[in-house]
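>>> Next comes the sequence, and after it the predicted model I'd like to discuss.
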Amino acid sequence: MSTSPKPEFVYTTYIRTTPEKLWAALTTDDVVPRYWFGNVVKSSWGQGDAVQSFDKDDGTLDWDGEVLESTPPSKLVFTFRVEGVPEKASQVTYLIEAAEAVEFGPTGDAVKFTVIHEDFATDSQIIHGVSRGWPGILSNLKTMLESETGTPLGLMWKPPAE
């Protein structure tokens with residue numbers, strides 16, 4: 001009997017910023033609401049620390065989790081459990097890498113940012129929400145960080161060297 005793969009969400013974008021500035025935007029309590037639809041996400045972001053997100057309108061707990069790995073400014077892993085939904089916690093991984101010039105030509109300060117949201121329950125209700133939510137959050141984050149520089153990323157694809 002074969003088993004079907006567990007659903008997951010993976011999103012990669014390139015942002016004109018530095019790994020340190022992206023890390024700060026992801027982990028600074030008063031910055032997160034600027035791109036996370038106004039919601040507040042609180043944590044100290046150390047391994048074992050709690051993570052909690054509160055609704056911007058009524059302050060109720062939206063989701064919570066625990067930091068599983070924190071390696072500034074390159075990797076952050078935490079669990080994600082939605083309040084009131086009887087599913088096990090899923091897992092979110094942020095990977096932050098310097099954008100390689102060989103991929104897109106000279107980019108100056110740019111990062112490759114990948115969000116992996118995985119380990120959902122087999123018949124997850126949550127994956128449908130995060131599949132709509134993450135693109136908006138990450139688009140807001142990219143716009144916020146790049147508006148600080150006033151310069152678009154200007155990516156140009158280069159074929160791999162043979």
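Structure's in. What do you need?

>>> helices and strands of this structure: which one bottoms out on pLDDT?
helix 101-104 (a mean of 54; mean pLDDT, DSSP states H and E).

>>> tell me which residues in the next helix or strand after it are buried?
Remark: after helix 101-104, the chain's next helix or strand is strand 111-118, criterion DSSP states H and E. By neighbour count with 16 or more other C-beta atoms under 10 Å, strand 111-118 contains the buried residues 111, 112, 113, 115, 116, 117. To be clear about C-beta, it is placed using only N, CA and C from the backbone, and glycine gets the same treatment.

>>> Wait, the second one touches residue 14, no?
Yes - with contacts counted by C-beta atoms under 8 Å, residue 112 reaches residue 14, the gap being 5.7 Å.

>>> Overlap of the contact sets of the two?
Common neighbours of residue 112 and residue 14, using C-beta atoms under 8 Å, 6 or more residues apart in numbering, are residue 99.

>>> Might you report the residue contacts of the most centrally placed residue in the chain?
Centroid-nearest residue in the chain: residue 115, 4.6 Å away (criterion: C-alpha atoms, centre = their mean). Residues in contact with residue 115, defined by C-beta under 8 Å, 6+ apart, are 9, 10, 11, 12, 92, 93, 94, 95, 134, 138.
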